[in-house]
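S.K.: no sequence on hand, only this structure:
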Ligand SMILES: Cc1ncc(COP(=O)(O)O)c(C=O)c1O
């Protein structure tokens with residue numbers, strides 16, 4: 001079990017929202033839409049709520065909305081048609097992750113496996129671990145693979161070593177390898193050849209590869225296209241991809257999570273896991289996001305988000321000598337920082353900066369054991385540059 005369940009990432013974000021003037025803790029982007037996109041949201045929200053209208057009179061699983069959503073997500077994330085037709089929508093990123101873990105258990109039961117082992121790449125969002133700790137039949141193996149953690153060996157080598165050793169030690173267990181790319185908070189991206197290598201090794205070991213791509217569109221890399229598991233051939237292994245809207249579009253809490261099973265067997269298990277909960281996310285969200293994700297202006301919004309993240313990263317890298325970066329992020333919407341030449345823990349730094357009016361997240365939440373991340377805090381780059389500069393000037397004094 002984690003040492004301090006009372007200080008999760010979410011709790012730190014809630015505390016920050018209560019007490020700080022500047023919120024650099026929340027992971028969702030805070031950049032308003034332009035007028036055209038704002039009008040799309042307003043118009044489709046109104047239409048979806050219109051009880052007399054033909055839209056809401058239809059059944060929740062209206063094939064038009066489902067098809068529009070699949071087409072929009074498939075095209076945004078560059079999926080082949082046979083991947084996009086398997087997309088499943090649910091309430092949020094966390095629900096998508098939770099349902100994928102439930103699907104892994106369904107797959108293990110279907111093949112009479114004797115327990116489950118989840119190999120989790122760290123640093124990563126604590127949600128992965130916390131949802132796994134909820135399930136007493138899952139053994140969790142953390143592999144520290146981020147910047148500064150893996151001298152000599154690559155991120156993927158370490159995961160593959162752990163996979164081999166778990167598969168040899170307990171051949172009767174279902175193994176899952178869980179990673180995010182870009183990673184939260186480090187921004188590390190798993191390259192296409194490494195994803196394929198991991199998938200091939202998972203295939204040999206009969207393991208399920210779970211890749212969370214929630215930051216793949218937004219961040220310092222945008223609009224550069226990043227490699228995804230969606231390009232891994234279905235025959236390489238059982239894989240499942242995850243993406244959610246929240247890290248690209250902040251609609252005041254309205255969001256959707258998507259699960260992309262790589263083949264029919266995984267899809268069957270995902271469908272079973274989704275059928276254990278409420279049938280569908282709000283019809284309003286399905287309709288609004290189908291319009292928004294398919295809208296040509298969204299690409300411009302993503303490009304602007306990327307440009308704001310780069311401008312803000314530059315403030316730290318080149319104009320704030322009193323702050324050190326853990327590493328320059330390759331992608332994503334975060335940076336990990338600390339005070340130059342000081343030996344505080346991430347927890348202490350977070351406390352100091354909260355007292356100065358800026359909320360951040362302690363790097364400790366991203367690790368189950370100690371590691372370099374513990375001496376940093378995570379800050380969100382997806383803010384308007386003026387807001388971000390003001391927050392950083394408070395942190396720099
Ligand atoms: C990698 C990753 N997946 C999923 C989530 C959860 O997403 P949501 O806020 O939509 O529940 C997060 C939240 O930060 C995340 O970092």
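M.R.: Nice, thanks for sending it over. The structure presented is a predicted model; accordingly, all values stated were derived computationally and were not measured.
S.K.: domain map for this protein?
M.R.: Residue ranges for the structural domains of the chain, counted by automatic domain parsing, are given in the record as 9-33+298-396, 46-293.
S.K.: the shortest one near the ligand at all?
M.R.: In other words, domain 9-33+298-396. Yes - residues of domain 9-33+298-396 are located near the ligand by C-beta under 6 Å from any ligand atom, namely residue 27. Heads up, the C-betas are built off the backbone N, CA and C, glycines and all.
S.K.: enumerate the residues of the stretch 51-200 of the chain near the ligand.
M.R.: Looking at the ligand, the residues of the stretch 51-200 of the chain close enough under C-beta under 6 Å from any ligand atom are 92, 93, 94, 97, 125, 127, 180, 184.
S.K.: burial count for the residue nearest to the second one when sequence neighbours are not counted?
M.R.: Think residue 93. Distances taken as C-beta to C-beta, 6 or more residues apart in numbering put residue 244 closest to residue 93, at 3.4 Å, once the chain neighbours are dropped. Residue 244 has 25 neighbours, counted by other C-beta atoms under 10 Å.
S.K.: cool, and the one 4 residues further on?
M.R.: A total of 26 residues lie near residue 248 under the criterion other C-beta under 10 Å.
S.K.: tell me the contacts of it?
M.R.: Counting by C-beta atoms under 8 Å, 6 or more residues apart in numbering, residue 248 makes contact with 29, 217, 218, 302, 305.
S.K.: how about JSON lines for the domains of the chain, with mean pLDDT added?
M.R.: Output for those, formatted as JSON lines (pLDDT from 0 to 100):
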{"stretch": "domain 9-33+298-396", "mean pLDDT": "95"}
{"stretch": "domain 46-293", "mean pLDDT": "92"}
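S.K.: can I get those domains in JSON lines with distance to residue 40?
M.R.: What follows is those, written out as JSON lines (distance: least, C-beta to C-beta, whole Å):
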{"stretch": "domain 9-33+298-396", "distance to residue 40": "8"}
{"stretch": "domain 46-293", "distance to residue 40": "5"}
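S.K.: relative to residue 39, which of those domains is closest?
M.R.: Ranking the domains of the chain by their distance to residue 39 (criterion: C-beta to C-beta) puts domain 9-33+298-396 first, at 8.9 Å.
S.K.: and the closest one, how far out from the chain's middle?
M.R.: With C-alpha atoms, centre = their mean, to the nearest Å as the basis, domain 9-33+298-396 stands 16 Å off its chain's centre.
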